[in-house]
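Engineer: Attaching a predicted model along with its sequence, questions to come.
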Amino acid sequence: MNKKNNRTAVADRLRFFEEIGADFLFKEPRVRTVSAGGKRSPAPSGPKAAASKPVRSAAESGLDLPRSGRTLEEIAAEVRKCRKCPLAAGRTLAVPGEGHPKAQILFVGEGPGHDEDVQGRPFVGRAGQLLTKIIAAMGFERSEVFIANIVKCRPPENRVPHREEVEACAPYLLEQITVLRPRVIVTLGKTAVDFFIPNIKAMSSVRGIFQSWHGLSVMPTFHPSYLVRNEGNRELKKMVWDDMQNVMAFLRGE
Ligand code: URA
């Protein structure tokens, strides 16, 4: 990595930590290195920081599923009226998801919480504010990415959605993905990664490692509410930043 790129990477990192309100700086640089052959090599910071290669080059949109004939707004309109599972009975508003119709990155969370249920928008509560800061630290506006959830209605007491609820809601997210055709899907937390990569034992076995799903690259990372709950834990923030750097490097075609 040349000096300018190195400076940019460090500045990005500082901005992220400033943005997320972290009151610390890390001693060791955790930026990607470029090997003699020009190939990406993982940052020398432990096994979990070493993301595998994404499945496609940055120039390709790898999704091997046919595009839906509907628009995102048409899908959202159906979600708002949906009564396919018991979660509909307890919701204030359904939360279809929002963002840019040509977003390169799709963030997928678990399901709406209280604030999202009231506003009908994804990730607007405390975890959402952190996600917005992470997105900003990556150099994007919220409106430039797409943010969705596995289930579109709030589970009672914010419990993990049941399998039948996930199955009932799955066609909406799948259809959104075929319309968006994002370059990368970032899954936030275990419920989201389980949807794409079933049968994983623990977040720790996949976090930070690009996974392949129907030809698309999926980057599993921690849920922002996990970071909020563990506010003083530097290591978690560091891991999420590593993951987001890998996503950004992929989008840059590195
Ligand atoms: N947590 C989620 O998983 N999704 C939201 O939209 C908000 C909080």
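Structural biologist: Received, thanks.
Engineer: Could you use CA atoms for every contact and neighbour count after this?
Structural biologist: Will do.
Engineer: would you say Leu227 is within a helix?
Structural biologist: Yes. Under DSSP: H, G, I helix; E, B strand; the rest coil, Leu227 sits within a helix.
Engineer: State whether it and Leu236 are indeed in contact, as I suppose.
Structural biologist: Yes. The pair Leu227 / Leu236 is scored as a contact, 6.7 Å apart, by C-alpha atoms under 8 Å.
Engineer: residues contacting Arg91?
Structural biologist: 117, 153-154 (C-alpha atoms under 8 Å, 6 or more residues apart in numbering).
Engineer: tell me the pLDDT at the closest residue to Gln129 other than its chain neighbours?
Structural biologist: Excluding its sequence neighbours, the residue lying closest to Gln129 (C-alpha to C-alpha, 6 or more residues apart in numbering) is Phe123, at 7.1 Å. Note on Phe123: pLDDT of 98.
Engineer: where's Phe123 relative to Glu165, distance?
Structural biologist: 19 Å (C-alpha to C-alpha, to the nearest Å).
Engineer: Could you do Val228 as well?
Structural biologist: For Val228, the distance to Glu165 - C-alpha to C-alpha - is 26 Å.
Engineer: With neighbour numbers in mind, choose between those two.
Structural biologist: Glu165 (20 against 15; other C-alpha atoms under 10 Å).
Engineer: That one against Val151, yeah?
Structural biologist: Yes. Look at Glu165 against Val151 with C-alpha under 8 Å: they come within range, at 7.1 Å.
Engineer: Next, please give the residue ranges for the strands of this structure.
Structural biologist: 33-34, 40-41, 98-99, 105-109, 146-149, 184-188, 211-213, 216-221 (DSSP state E).
Engineer: Which one, of the ones you listed, ends up nearest to the ligand?
Structural biologist: strand 105-109 (3.8 Å; C-alpha to the nearest ligand atom).
Engineer: So which elements touch that closest one?
Structural biologist: strand 146-149, strand 184-188, helix 190-196 (3 or more C-alpha pairs under 8 Å, 6 or more residues apart in numbering; DSSP states H and E).
Engineer: Just the mean pLDDT for the first one, thanks.
Structural biologist: When you say that, I think you mean strand 146-149. Computed over strand 146-149, the average pLDDT equals 98.
Engineer: now for that strand, which elements pack on it?
Structural biologist: Counting by 3+ C-alpha pairs under 8 Å, 6+ apart, strand 146-149 packs on strand 98-99, strand 105-109.
Engineer: Out of those, the one nearest Ile135 is which?
Structural biologist: Closest approach to Ile135 among those is made by strand 105-109 (9.7 Å; C-alpha to C-alpha).
Engineer: partners of the closest one in the sheet?
Structural biologist: strand 146-149 (parallel), strand 184-188 (parallel) (DSSP bridges).
Engineer: Any idea which of these gets closest to Ala170?
Structural biologist: strand 146-149 (9.8 Å).
Engineer: chain center to that closest one: distance?
Structural biologist: 8 Å (C-alpha atoms, centre = their mean, to the nearest Å).
Engineer: how about Asn233, phi and psi?
Structural biologist: Note on Asn233: backbone dihedrals following degrees, to the nearest 10 are phi -90, psi 100.
Engineer: Measure how buried it is and give me the count.
Structural biologist: Neighbours of Asn233 under the rule other C-alpha under 10 Å: 12.
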